[in-house]
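Novice: Build the 3D model from these lines:
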Amino acid sequence: MYITAAILSMLLALVALAAGAPKALLKGDVSTGLQAQMGLSACLVRFIGLAEVAATIGLVVGLFWQPLGIAAAIGLTITMVGAVGFQTKAGHHRHPTTRGNVMAAAALVPVSVATAVTLGLAM
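Specialist: As a prediction, this is how the structure comes out:
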């Protein structure tokens, strides 16, 4: 079970880092789009990015201390559920060009739940 938890944790950590780093640095199309189109402030975009980067660190350290990994996976689950809700409220699920953003966040929800469960079973 630990090998499964390690694989899921590392995959989720890589995705969270790739998603969070540009937001934390306020660089790239995603952070610009969140600010311009979605109306989020730069501070909120940076906070979301830092939360995703913190989840990355928590998932990696959680391989050695499982309670931290479980907490990081649960936190990332909450963040992704919020992202799905926010993007659905904005109507992104209706447009073919922005539908992928909603689907990516929705696909990460079961992965992060599975990571939390497998880390808990690996203890």
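Novice: Excluding chain neighbours, what is closest to residue 12?
Specialist: residue 115 (5.3 Å; Cβ to Cβ, 6 or more residues apart in numbering). To be clear about C-beta, it is placed using only N, CA and C from the backbone, and glycine gets the same treatment.
Novice: The one you found: neighbouring residues, count only.
Specialist: Residue 115 is flanked by 30 other residues according to other Cβ atoms under 10 Å.
Novice: Go through the helix or strand bottoming out on mean pLDDT in the chain and flag the buried ones.
Specialist: Between all helices and strands in the chain, the lowest mean by mean pLDDT, DSSP states H and E belongs to helix 29-36, at a mean of 76. For helix 29-36, the neighbour count (16 or more other Cβ atoms under 10 Å) marks 30-31, 34 as buried.
Novice: Can you redo these as TSV, where the extra columns are distance to residue 122?
Specialist: Listed next are those as TSV, based on distance: Cβ to Cβ, whole Å:
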residue	distance to residue 122
30	32
31	35
34	35
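Novice: Let me know the closest of those to residue 108.
Specialist: Set against residue 108, the nearest of these by Cβ to Cβ is residue 30 (14.6 Å).
Novice: got the contact list for the closest one?
Specialist: 19, 22-23 (Cβ atoms under 8 Å, 6 or more residues apart in numbering).
Novice: 7 Å instead, please
Specialist: 22-23 (Cβ atoms under 7 Å, 6 or more residues apart in numbering).
Novice: The one 4 residues further on now?
Specialist: By Cβ under 7 Å, 6+ apart, residue 34 lies in contact with 40, 45.
Novice: could you redo the last one with a cut-off of 10 Å?
Specialist: 23, 26, 40-42, 44-45, 48-49, 86 (Cβ atoms under 10 Å, 6 or more residues apart in numbering).
Novice: Then residue 27?
Specialist: So residue 27 contacts 21, 49 (Cβ under 10 Å, 6+ apart).
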